[in-house]
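In: using only what follows, build the 3D model:
(one chain, ligands or ions: 1)
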Amino acid sequence: MRIFITGGTGLIGRALCRALRAEGHALTVLSRHPETVAAKCGAGVEAMCVLAEWTPQRAFDAVINLAGEPIVDARWSVRRKQVLWDSRVTLTGELVRRINLAEHKPAVLLSGSAVGYYGDRGETVLDENAGAGSGFSAELCQSWEVAAREAEKQGVRVCLLRTAPVLSNDGGLLDKMLLPFKLGLGARLGDGRQWMSWIHIDDYVALVLRLLQDAQAHGPFNMAAPQPVTNAEFTRTLAHVLHRPTFFVAPSLVLKAVMGERSALLLESQRVLPLRLEAAGARFSFANLESALRALLP
Ligand SMILES: NC(=O)c1ccc[n+]([C@@H]2O[C@H](COP(=O)([O-])OP(=O)(O)OC[C@H]3O[C@@H](n4cnc5c(N)ncnc54)[C@H](OP(=O)(O)O)[C@@H]3O)[C@@H](O)[C@H]2O)c1
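Out: Numbers count the residues shown, from 1 in each chain. A predicted model of the protein is given here:
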């Protein structure tokens, strides 16, 4: 297939490009730094630096939309929120306009979203039928999904990837947690009772490949391992795998003071289950957190 990818240079995108290239697909990656695409995504991957380069005559069979400015890296000022919004919602709108203009429409659009869609839901078990939550990240995800679904009007099959924090040894959440945990400074966040969904990068990539090929798949999919854990359990398990103690607690008041509104990413509870993926027959290589961490941190 000829596949167009936004966010192909990111943590998920790089792993995905490796797998797609191994399957023999021809890839074009949108990047603001086109000179880095070959190194990050593989030799032979074409770079596009602005969406306007996708002319109506240009044919793609599938589109994977993962672009988005990192959400946790900076305080959510009004300006930063706009950047987060533009790099997801506005960019997705522009992408769908390119699809509308294309003479040969892609059969499928797999478009990013996050488990943040559900907001802060305590102990509630969340499958894809659960309603959207409130707060900035929930609103961002809802609008991101609405923008992607516009492509359905053109007969494009749209899958929405409600992604849990991705565990990888190439950056992301684990990378941020490793140093304090290795120093024995790993801390439970707040009361530690908030549920943390997660997914191993290999499972994520395998599920994307599956959704790409499965002509029946459409709508939202919780991209999360079937065994979410509380933050307290995540903290204990990571410390155990690293053979380090965990004595500390980062109180929620301190996290809120230091991180502002963005502390929601650490303190809100999302107990997400991948109901629709499992109903479609998907199996996870890493269903259990300890096995996922041991595979990534040998
Ligand atoms: N990783 C996770 O744990 C996780 C969890 C939930 C949801 N997600 C979502 O999944 C997507 C991919 O995550 P990731 O961790 O792979 O992201 P990442 O490593 O932070 O990479 C972000 C990607 O988005 C692209 N990008 C950022 N701003 C852009 C803009 N204004 N225009 C065009 N491209 C832009 C970057 O491309 P260039 O810099 O090359 O232009 C890069 O490829 C993101 O949208 C993220 O919100 C990720």
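In: and I64, that's in a helix?
Out: No: looking at I64 with DSSP: H, G, I helix; E, B strand; the rest coil, it is strand, so not inside a helix.
In: what's the neighbour count on it?
Out: By the criterion of other Cβ atoms under 10 Å, I64 has 29 neighbours. To be clear about C-beta, it is placed using only N, CA and C from the backbone, and glycine gets the same treatment.
In: let me see the contact set for N222.
Out: 115, 126-128, 162, 164, 197, 272-277 (Cβ atoms under 8 Å, 6 or more residues apart in numbering).
In: and these, which are buried?
Out: 115, 126, 128, 162, 164, 197, 272-277 (16 or more other Cβ atoms under 10 Å).
In: need the three-state assignment for the residue of the stretch 51-200 of the chain found nearest the ligand.
Out: Nearest to the ligand, among the residues of the stretch 51-200 of the chain, is G68, at 2.6 Å (Cβ to the nearest ligand atom). Classification of G68 by three-state DSSP places it in coil.
In: can you give me the pLDDT of it?
Out: At G68, the model reports a pLDDT of 98.
In: please apply the same query to the one 3 residues further on.
Out: Reading off the confidence values, I71 has pLDDT 95.
In: with A215 instead?
Out: Note on A215: pLDDT of 98.
In: grab the nearest non-local neighbour of it.
Out: R157 (7.0 Å; Cβ to Cβ, 6 or more residues apart in numbering).
In: close to the ligand: what parts of the stretch 51-200 of the chain are there?
Out: 66-71, 87, 91, 112, 114, 163, 165-166, 172-173 (Cβ under 6 Å from any ligand atom).
In: what are the ranges of the strands in the stretch 101-250 of the chain?
Out: Listed in chain order, the strands of the stretch 101-250 of the chain (DSSP state E, counting those that start in this stretch) span residues 108-114, 125-126, 157-163, 166-167, 187-189, 195-196, 199-200, 219-223, 229-230, 248-250.
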